[in-house]
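Trainee: using only what follows, build the 3D model:
(chains A and B)
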There are 2 protein chains.
Amino acid sequence: MARYEATASAPVNIACINFTSSRYWGKRDTALILPTNSSLSVTLSQDHLRSTTTSRADASFEQGDRLWLNGNEEEIKAGGRTETCLAALRKWRKEVEDKDTSVPRLSEWPLRIASYNNFPTAAGLASSASGLAALVASVSQLYQLPQSASELSLIARQGSGSACRSLFGGFVAWQMGSASDGSDSLAVQVAPKEHWPDMHALICVVSDAKKGTSSTSGMQKTVATSTLLQHRIKHVVPERMEEIERAIAAKDFDSFARITMRDSNSFHAVCLDTEPPIFYLNDVSRAIIAVVEELNRASVVQGRGLVAAYTFDAGPNAVLYALEENMPVVVNTINEFFPQTLEFPDPFHMLNKTATRPEGFNDAVVRQGGWEKGAVSRLIHTRVGDGPRKLSDEESLLTEAGVPKTLA
Amino acid sequence: MARYEATASAPVNIACINFTSSRYWGKRDTALILPTNSSLSVTLSQDHLRSTTTSRADASFEQGDRLWLNGNEEEIKAGGRTETCLAALRKWRKEVEDKDTSVPRLSEWPLRIASYNNFPTAAGLASSASGLAALVASVSQLYQLPQSASELSLIARQGSGSACRSLFGGFVAWQMGSASDGSDSLAVQVAPKEHWPDMHALICVVSDAKKGTSSTSGMQKTVATSTLLQHRIKHVVPERMEEIERAIAAKDFDSFARITMRDSNSFHAVCLDTEPPIFYLNDVSRAIIAVVEELNRASVVQGRGLVAAYTFDAGPNAVLYALEENMPVVVNTINEFFPQTLEFPDPFHMLNKTATRPEGFNDAVVRQGGWEKGAVSRLIHTRVGDGPRKLSDEESLLTEAGVPKTLA
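Mentor: Model (predicted):
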């Protein structure tokens, strides 16, 4: 009996130019997840971070579509993001079936989908992006859809915004588009990983224990009040997208870094300028910024270029970008000032490398005595990586019976 | 022998609409301290916070002008702010002397000036504003200058920017002006304290122990990069100045509060949007914001108005504005969540008042267990107050011999 199944893995991506979700501001469209501006990201290596998804279609499956994340069954809510993606994928499968009546009518059969992240949700990494991308990759492979990655990104976008950028490797732009139905709001590859393979990243997972919970009475309105947002959307981001694409094409790290840091600060400035204000950065985030700014300052004074760039998304975690040659100083500096509670696996063997900070680096930018252990809970060192992968049947996450394999 | 001496006291003022110093951005003029936008403040009561200055002119004083702050002699740097003010005051005195040759030529005599703040510098309160205003008030009284308070504010402005607003009581605007010589950049009174006497303020002095020192190699450029700043200057602030002046005239606390909080957030947003970014708020500041936002949200849900407004200047200290009737809930809430190391003097006897928080107030906005003692080091409860006062000779800070009295 033929088994109709496909297993795919997809990467995490980290924005250099952040979009602002219409969920918070300027309702372009909340249901379709149409952003108020374009965005650009670096896809990270699946050697370190990936979501893997197996999807199987079988007419005999009972109870309709079922989904498991990391072994736990999740409800596929009616009208929710997963259902929206599956419906869109089924629609395109149906087109395949209508054109060729000899192919099995997979679109009509229930699906069993098991997904697994090789990084913990508690790390605060956006697992929804890689997870949704893996789901779309897996099901589109199962359905043997003819659409391109950019077209598939239309579906991933409706699942979880930035998931659309995880359908490509390397450097990826999510073009905001202008059509009200979102048909032109999709991801395109700006450059493949092979173009700039020495782009590395250090993810600093920051503890946010000090933060209370947001007020969630259900009655709180987050009003789209930021006048600075309008300015950012109309003027600042469009220019920056062009600049950063040029910087990537030219492998100009100085420009890439400068634009990335400025956009992160601009994004968080706009968050602060809302009513009520939204704070993602905390004191540890600030301290990491201070260290990177000082590394850069000292390096520039020595006549060299920028060492690293920081960027922060909707949370206190820092992602630092640096070229491979500068990662020793970045990793060792961060590791020294921010001792972690989880041991750093150090996949690139940075900790035994000589790594002198630029002369004139002012240690006092970090408070006396440094930070307490766990202020940064863990570090993840990775680099630019490839897009979704088709995995072999041996890597299936489902048993014969169609339930998740028990993962050790 | 006639003694030519005058003693004056002047208040602290706290901005509701912040100006951005040309020292950091958009060099309008650094020497003349011309701001990039207008600003508005509330003058605080001298019953709680004040600078007192005695100035005496005597032909027999040796070693030229001398200045003491809180008993310690300070150098009057050539070309510095104090010297600039004294030169300007002498110029106007000379005009008096040239018109009436019978008056003593005080402008030609050395000055001895003793100043004293009744609050510690470590409190992080802007003592330069009240101090400079007291100096200008004292010397102008000594010199019997005919100029108005607004004209004198031109001189105070050159001493220390926001000092110009401390030359009035009540609600004060610093009109940015447009003349390149700064002759129209001065303070005016928007409303006297008697107009809205139940405007109270709670100053929360926040510990900033976690912050490292800024990089001060002397080579760091703070580039005027913020595009959001330009937008703030040109569009946002001018409208807000008009709105807040209307709110004050109408004693509309809701509008006053909303504008104050939004402007504080907008100011700090622009600080974040510079290169390198400037952070004044820390985690404690954020936590205070969260508490005030939640008090306000819960109150509005109950059909009542806003309870309080927060505002932060160039540092982590919070100033909370609230009407007298709401101060019990504000003081008790802050005191509960942020235990201080210095005992709160509680001049208005708030701590024994019943103060129920609005129903539905979500305690979880503050982290579990609350904040450690000293995160907020002290609280100062005060209210809107009057402008500079002329004090009697009994309050002189100088001995017969012309040196500071020893203050207990």
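
Trainee: can you pull out the low-pLDDT segments for chain A?
Mentor: Applying pLDDT under 70 to chain A flags the ranges A:1, A:20-31, A:122-124, A:209-226, A:407-408.

Trainee: would you map the helices across it?
Mentor: For chain A, the helices defined by DSSP state H cover A:81-99, A:127-142, A:149-160, A:227-231, A:237-250, A:253-272, A:283-301, A:327-337.

Trainee: could the ones you listed go into TSV alongside distance to chain B?
Mentor: Where C-beta positions appear, they are placed from N, C-alpha and C, glycine not excepted. TSV is the format used below for the helices of chain A (distance: least, Cβ to the nearest Cβ, whole Å):
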stretch	distance to chain B
helix A:81-99	27
helix A:127-142	24
helix A:149-160	27
helix A:227-231	5
helix A:237-250	9
helix A:253-272	4
helix A:283-301	4
helix A:327-337	10
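
Trainee: so which of those is the most packed in?
Mentor: helix A:127-142 (a mean of 27; mean count of other Cβ atoms under 10 Å in any protein chain shown).

Trainee: quick one, which of the helices of chain A is nearest to A:T399?
Mentor: A:T399 lies closest to helix A:127-142 among the helices of chain A, at 16.4 Å (Cβ to Cβ).

Trainee: nearest residue to A:A163 other than its sequence neighbours?
Mentor: Once flanking residues are discounted, A:A163 sits nearest to A:L132: 3.7 Å by Cβ to Cβ, 6 or more residues apart in numbering or on different chains.

Trainee: let me fix that: A:S140
Mentor: A:L152 is the one closest to A:S140 (Cβ to Cβ, 6+ apart), at 5.5 Å.

Trainee: ok, the one you found - contacts?
Mentor: By Cβ atoms under 8 Å, 6 or more residues apart in numbering or on different chains, the residues touching A:L152 are A:136-137, A:140, A:145, A:167.

Trainee: and the furthest pair within these?
Mentor: So, these by Cβ to Cβ: farthest apart are A:L145 and A:L167, at 12.5 Å.

Trainee: do you know how far the residue nearest to A:S140 is from A:Q175?
Mentor: According to Cβ to Cβ, to the nearest Å, A:L152 and A:Q175 sit 15 Å apart.

Trainee: can you check A:D58 too?
Mentor: Separation of A:D58 from A:Q175 (Cβ to Cβ): 37 Å.

Trainee: strands of chain A, start to end?
Mentor: Using DSSP state E, the strands of chain A run over residues A:4-10, A:13-17, A:39-43, A:51-57, A:66-69, A:72-74, A:111-117, A:171-175, A:186-191, A:199-206, A:309-312, A:318-323, A:376-383, A:389-391.

Trainee: quick one: strands adjacent to the second one?
Mentor: So the one you mean is strand A:13-17. Using DSSP bridges, strand A:13-17 pairs in its sheet with strand A:39-43 (antiparallel).

Trainee: how far out from the middle of the chain is the strand it pairs with?
Mentor: Here strand A:39-43 shows a centroid-to-chain-centroid distance of 8 Å under the convention Cα atoms, centre = their mean, to the nearest Å.

Trainee: just the angle between that strand and helix A:237-250, please?
Mentor: Counting by axes from the mean of the first three to the mean of the last three Cα atoms, to 10 degrees, strand A:39-43 lies at 30 degrees to helix A:237-250.

Trainee: restricting to C-alpha, output strand A:39-43 in PDB.
Mentor: Only the C-alpha atoms of strand A:39-43 are listed here, as PDB (Å, rounded to 0.1, in the frame of the first residue of the first chain):
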ATOM      1  CA  SER A  39      11.600  43.200   6.000                       C
ATOM      2  CA  LEU A  40      14.900  41.300   5.500                       C
ATOM      3  CA  SER A  41      16.500  38.500   7.400                       C
ATOM      4  CA  VAL A  42      19.400  36.100   7.500                       C
ATOM      5  CA  THR A  43      18.500  32.400   7.500                       C
END
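
Trainee: what comes into contact with it?
Mentor: Here strand A:39-43 has contacts from A:11-19, A:162, A:165-166, A:168-174, A:176, A:190, A:193, A:199, A:201, A:241, A:244-245, A:321, A:384-387, using Cβ under 8 Å, 6+ apart.

Trainee: same question for stretch A:104-111.
Mentor: With Cβ under 8 Å, 6+ apart as the test, stretch A:104-111 has contacts from A:2, A:4, A:55-59, A:61-66, A:86, A:90-91, A:93-94, A:97, A:139, A:142-143.

Trainee: enumerate the positions of that stretch that are buried.
Mentor: Neighbour-count burial for stretch A:104-111 flags A:106-107, A:109-111 (criterion: 16 or more other Cβ atoms under 10 Å in any protein chain shown).

Trainee: which residues touch A:I17?
Mentor: A:I17 makes contact with A:38-41, A:237, A:240-241, A:244, A:259-260, A:263, according to Cβ under 8 Å, 6+ apart.

Trainee: among these, which two are most distant?
Mentor: Longest span within the contacts of A:I17, Cβ to Cβ: A:S38 and A:T260, 14.8 Å.

Trainee: how is chain A divided into domains?
Mentor: By the assignment in automatic domain parsing, chain A contains the domains A:4-192+A:388-395, A:199-383.

Trainee: B:S127 is nearest to which of those?
Mentor: domain A:199-383 (24.7 Å).

Trainee: measure the closest one end to end?
Mentor: 6 Å (Cα to Cα, to the nearest Å).

Trainee: returning to what we had before: same list (the domains of chain A) but as TSV, adding distance to B:F344.
Mentor: Formatted as TSV, these follow (distance: least, Cβ to Cβ, whole Å):
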stretch	distance to B:F344
domain A:4-192+A:388-395	37
domain A:199-383	23
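
Trainee: determine which of those domains approaches B:V270 most closely.
Mentor: Here domain A:199-383 is closest among those (Cβ to Cβ), at 6.8 Å.

Trainee: mind putting the contacts of A:L152 into TSV with distance to A:E395?
Mentor: Putting these into TSV (distance: Cβ to Cβ, whole Å) gives the following:
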residue	distance to A:E395
A:V136	18
A:A137	13
A:S140	17
A:L145	21
A:L167	19
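
Trainee: pretty sure A:S115 is in contact with A:A133, am I right?
Mentor: No - checked against Cβ atoms under 8 Å, the pair A:S115 and A:A133 is beyond contact range at 10.6 Å.

Trainee: so what sits against both of these two?
Mentor: A:S51.

Trainee: and the residue nearest to A:S140, how far is that from A:Y143?
Mentor: Counting by Cβ to Cβ - A:L152 and A:Y143 are separated by 11 Å.

Trainee: the closest residue in space to A:G182 that isn't next to it in sequence: what's it in contact with?
Mentor: Nearest residue to A:G182, sequence neighbours excluded (Cβ to Cβ, 6+ apart): A:L32, at 4.3 Å. Neighbouring residues of A:L32 by Cβ under 8 Å, 6+ apart: A:157-158, A:181-182, A:185.

Trainee: cool, thanks, talk later.
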